[in-house]
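Colleague: Any chance you can model this:
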Amino acid sequence: MGRVSQAQAEENRRRVVDTASRLFREQGTHVSVADLMKAAGLTHGAFYKQFASKEALVDEVTAHVFDEIARRNAAGLERHDGQRDAAQRALIDAYLSVEHRDNAADGCPVAALAIDVARGPEGREARRAYAEGVADFAAFLGPAEAVGGGEGGERVGAAEGGLARLCTLVGALVLSRGTQGSPLSEEILAAAHAALTEAG
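Modeller: So this is what the prediction gives:
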């Protein structure tokens, strides 16, 4: 009986983290615990059996969504038989799509969580996880020849184009969401796509 209870507790925790990862990206981390637990189909009181505080959940969710990005990028590389340029092009196509613009809940946490993380106190785990996730994402977007040499190679990849590409992607996504409903929104996505694909 105890084992089933522990398994259920772990399942409940996963459900809360998964639900929060979508709601935080869609609405921000100011979502109330009550609304979060309702969306997860659990009681408000169950939250504090799983997490010491809402801040602890924000920390865990931030790490979780960047792990998710890393898994997606690795899967994309595998789908393209290790061809980094092809995997990057597919990522750019998907990232700068209307579908991604319109689906913040399952979208990029770099764009979705930036303001909330920036407003949080320094020294928080969420900020560390965010910064590490941004660096890893930028490294993935770097030139193929600059990646693969261990930690140093990853840093070179991020410095030689990956950060600029990531800034273009995130900036375009944020602006396109902010101008949604105007023709400018899709023009922004198209302009960023052209800039990135024409640049290599």
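
Colleague: so where's this structure uncertain?
Modeller: Within the chain, the stretches with pLDDT under 70 are 1-4, 144-160, 199-200.

Colleague: switch the cut-off to 50
Modeller: 1-4, 146-150, 152-155, 157 (pLDDT under 50).

Colleague: residues contacting the spatially most central residue of it?
Modeller: Nearest to the geometric centre of the chain sits Pro109, at 2.7 Å (CA atoms, centre = their mean). Applying CB atoms under 8 Å, 6 or more residues apart in numbering to Pro109 gives the contacts Ser21, Arg25, Thr62, Val65, Phe66, Ile69, Tyr130, Gly133. Glycine gets a C-beta too; all of them are placed from N, C-alpha and C.

Colleague: any idea how far it is from Glu198?
Modeller: Counting by CB to CB, to the nearest Å, the gap from Pro109 to Glu198 is 27 Å.

Colleague: Same question for Arg22.
Modeller: 34 Å.

Colleague: the helices in this structure, which residues?
Modeller: Assigned by DSSP state H, the helices in the chain fall at 2-27, 33-40, 47-50, 54-79, 84-95, 98-101, 109-119, 125-141, 150-157, 163-178, 183-198.

Colleague: Could you figure out how far the first one is turned away from helix 54-79?
Modeller: Meaning helix 2-27. Here the directions of helix 2-27 and helix 54-79 differ by 80 degrees (axes from the mean of the first three to the mean of the last three CA atoms, to 10 degrees).

Colleague: Remind me what helix 2-27 packs against, helices and strands.
Modeller: Contact partners of helix 2-27 among helices and strands, from 3 or more CB pairs under 8 Å, 6 or more residues apart in numbering; DSSP states H and E: helix 33-40, helix 47-50, helix 54-79, helix 109-119.

Colleague: could you redo the last one with a cut-off of 6 Å?
Modeller: In this structure, helix 2-27 makes packing contacts with helix 33-40, helix 54-79, judged by 3 or more CB pairs under 6 Å, 6 or more residues apart in numbering; DSSP states H and E.

Colleague: what's the angle from it to helix 33-40?
Modeller: Going by the same axes, to 10 degrees, helix 2-27 makes 110 degrees with helix 33-40.

Colleague: Give me the contact list for stretch 65-73.
Modeller: Residues outside stretch 65-73 that contact it (CB atoms under 6 Å, 6 or more residues apart in numbering): Ser21, Pro109, Ala129, Gly133, Phe140.

Colleague: just stretch 169-183 next, same as before
Modeller: Tyr95, Arg101, Val110, Ala111, Ser185, Ile188, Leu189, Ala192.

Colleague: dump the residue contacts of the second one.
Modeller: Going back to what we said before, that points to Arg101. By CB under 6 Å, 6+ apart, the contact list for Arg101 reads Ser176, Arg177.

Colleague: out of Arg22 and Glu198, which sits in the more crowded spot?
Modeller: Arg22 (18 against 7; other CB atoms under 10 Å).

Colleague: Now do the more buried one against Leu163, distance only.
Modeller: 27 Å.

Colleague: same deal with Arg71?
Modeller: In terms of CB to CB, Arg71 sits 21 Å off from Leu163.

Colleague: No further questions, thank you.
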